[in-house]
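Visitor: need coordinates for the below:
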Amino acid sequence: MEGPHVNGLRRTSVCAAAVSAAVFSIVTPAWAAPAQIQSQPDSSQVNRPFERLIVGYKAGTAEASSDAAASDDVRGKGKSVHRRMSSGAVVVNLGEKTANADAAIQAFKNDPDVAFVEPDLLMQPFADPNDTEYSRQWDLFEATAGMNVPGAWASSTGAGVTVAVIDTGYVAHSDLSGKVVAGYDFVSDSARARDNNGRDSNPADEGDWVARGECGTDANGNPVPAADQASSWHGTHVAGTIAAATNNGKGVAGIAYDAKIQPLRVLAKCGGATSDIADAITWASGGTVSGVPANATPAKVINMSLGGQSSCSTTYQNAITGAINRGTTVVVAAGNSNMNVANFTPANCTGVITVAATSREGNKAFYSNYGTRIDVAAPGGETRRGTDTPGTITTPENGIWSTLNTGATVPSTETYKPYQGTSMAAPHIAGLAALLVAKKPSLTPAQVKDLIKTNVRPLPGTCSGGCGAGLADATKTVNALDSTPPSGGLENTTDVAIPDSGSAVTSSITSSLTGNASATTKVGVDIVHTYRGDLVIDLIAPDGTAYRLKNSSTSDSADNVVATYTVNASSEVAAGTWKLRVQDVYSGDTGYINAWNLTLR
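Guide: Have a look, this model is predicted:
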């Protein structure tokens, strides 16, 4: 990444090209070789310890197609191969837990056969596991800040749709009995998995309890975790929000109560590895993962209530892009650090629906991440106030109630308890996505995303920093399928190179909407470019009218443009080809249009 001007000079870097999915063994990964190898994210920015790297080799190299060649190369750098991923990348053992592996990363970056190298970060469930039936589910029905779910059930209950919950796995619960289809345990580390055999066909949640310091130390030498933690049964809580049985005389109601849940276990003791999560994304959406039987019931919706502080890695982005291209909507929790979501992955990856959390009053929940990358807000609850002692439960009535287990370590008896978190907000949107796809199976992920965003209602409370389009409204969104055709894939994720101090380039989106665009048309822009002050950005309407989104600036030395602009395009006919036009007007830096989206009304 490039910094500010220094002595009139700027250093330039080139971002790695996107990786397309490839199958392990002799299939060659189809990633383009970048001009300069990138380590993304930079391990110097990582706080929690990790113990592996993900290394992608350039197409045509021996290491890309030969396990023996890859093993020899890795061994020559003093490390060992853990396994090959579904994308063709290699997972490398570092031999220790560390929060900084710059020397090992640099060794791979210096290798001309390497396309990319990045830490295999451990993701964490986005919930407060320390924070206990329909009358308690304010998040579904309350007028102030509920998601207006009951009115949607007359049109759709999620029948015929499978939702993959990529999480801690599943612990048996009678309110989910008959709702679960065959999943998989993707935790490849048998010690963390606690089942003595690593990956297998049993996605049972073995418990994620952990003692203080058992996961190592952070970059500052502090124990991880800082205190003992009991098992969370996080995946089961998420699953209940999506599809718990309804009208069965007990427990809680699921949003898409006739949908099926596919539990995919990726989180275990100390979290979950990026490489395991990426393979789970691929398999859940019907892709191929070496050594894992084909998914007989691919999911049309994926929920990931997990993440970590990092940029979106090549590994994540390629898995997500592959899933979306196979027709699967990917919903991700924004994170619970009260920080800009742009710094949390996989919530900051292109194409996902990123979900912020709101309180019972309709405010941004005190813990929720925020920012321009948020797509929509949904109830996440607050089992305590922001000023109360962390770990206490002072307002359980304001949490999100769902299916759980009483076991502090291994499973015990089933129960219901309230949690808070963006982990709880995301499954509200995954459930809504399932309602939409059940009613109209031909919907694309981009159409699902657009329907949810364009049918929100204003946030009842306040949100500082950005909570997306507004508070999701299930009834309005599902009913929109009866009255308004979906806008139809109003997103373009094809990379377009921006020439240094060159001619303007464009990226196009075609709309079939009738009538005019809105006075609050939203243009979401994701541009990777060092020294963004070089850029001039316009939205071009179908009739050629240009709307300036961003001017150039000699003082804006930051990297990348990740922003949502509002345009009064009410005089424009919505149907036709809209273009994002970008021009680099100064020399010295390069980049590309990574993605952009358009919400016309």
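
Visitor: how about stretch 353-373: buried residues?
Guide: Using 16 or more other C-beta atoms under 10 Å as the test for burial, stretch 353-373 gives 353-360, 362-373. In short, each C-beta sits where N, CA and C put it, glycine included.

Visitor: in helices, which of these appear?
Guide: The helices, defined by DSSP state H, take in nothing from the buried residues of stretch 353-373.

Visitor: okay, and which of these map to strands?
Guide: Among these, DSSP state E puts 353-358 in strands.

Visitor: okay if I get those residues as CSV plus distance to residue 320 and pLDDT?
Guide: CSV is the format used below for those (distance: C-beta to C-beta, whole Å; pLDDT from 0 to 100):
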residue, distance to residue 320, pLDDT
353, 11, 97
354, 11, 97
355, 15, 98
356, 19, 98
357, 21, 98
358, 25, 98
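
Visitor: which of the residues you listed sits closest to residue 93?
Guide: residue 354 (32.0 Å; C-beta to C-beta).

Visitor: would you confirm that that closest one contacts residue 377?
Guide: No: taking contacts as C-beta atoms under 8 Å, residue 354 lies outside contact range of residue 377: 10.1 Å.

Visitor: need the residues touching each of those two.
Guide: residue 468 (C-beta atoms under 8 Å, 6 or more residues apart in numbering).

Visitor: where does the stretch 1-150 of the chain have low pLDDT?
Guide: 1-48, 126-132 (pLDDT under 70).

Visitor: that one: strands as residue ranges?
Guide: 38-39, 50-57, 80-84, 90-98, 114-119, 122-125 (DSSP state E, counting those that start in this stretch).

Visitor: likewise for the stretch 351-500 of the chain?
Guide: Under DSSP E, counting those that start in this stretch, the stretch 351-500 of the chain gives strands at 353-358, 376-379, 400-405, 414-419, 491-492, 496-498.

Visitor: let me see the ranges of the helices in the stretch 101-250 of the chain.
Guide: 102-109, 138-141, 190-193, 234-243 (DSSP state H, counting those that start in this stretch).

Visitor: packing partners for the second one?
Guide: Where contact means 3 or more C-beta pairs under 8 Å, 6 or more residues apart in numbering; DSSP states H and E, helix 138-141 is packed against strand 376-379.

Visitor: what's the most buried one of the helices of the stretch 101-250 of the chain?
Guide: helix 234-243 (a mean of 31; mean count of other C-beta atoms under 10 Å).

Visitor: C-terminal to that one, what's the next element?
Guide: strand 260-265 (DSSP states H and E).

Visitor: what about residue 304, distance to residue 458?
Guide: 27 Å (C-beta to C-beta, to the nearest Å).

Visitor: let me redo that: residue 153
Guide: 24 Å.

Visitor: looking at these two, which one has more neighbours?
Guide: Between residue 153 and residue 458, residue 153 has the larger neighbour count (other C-beta atoms under 10 Å), namely 20 against 9.

Visitor: pLDDT at the more buried one, what is it?
Guide: With respect to pLDDT, residue 153 has a value of 93.

Visitor: phi, psi of it?
Guide: phi -70, psi -20 (degrees, to the nearest 10).

Visitor: kindly report the same for residue 532.
Guide: Per degrees, to the nearest 10, the backbone of residue 532 is at phi -70, psi -20.

Visitor: enumerate every residue touching it.
Guide: 556, 558-561.
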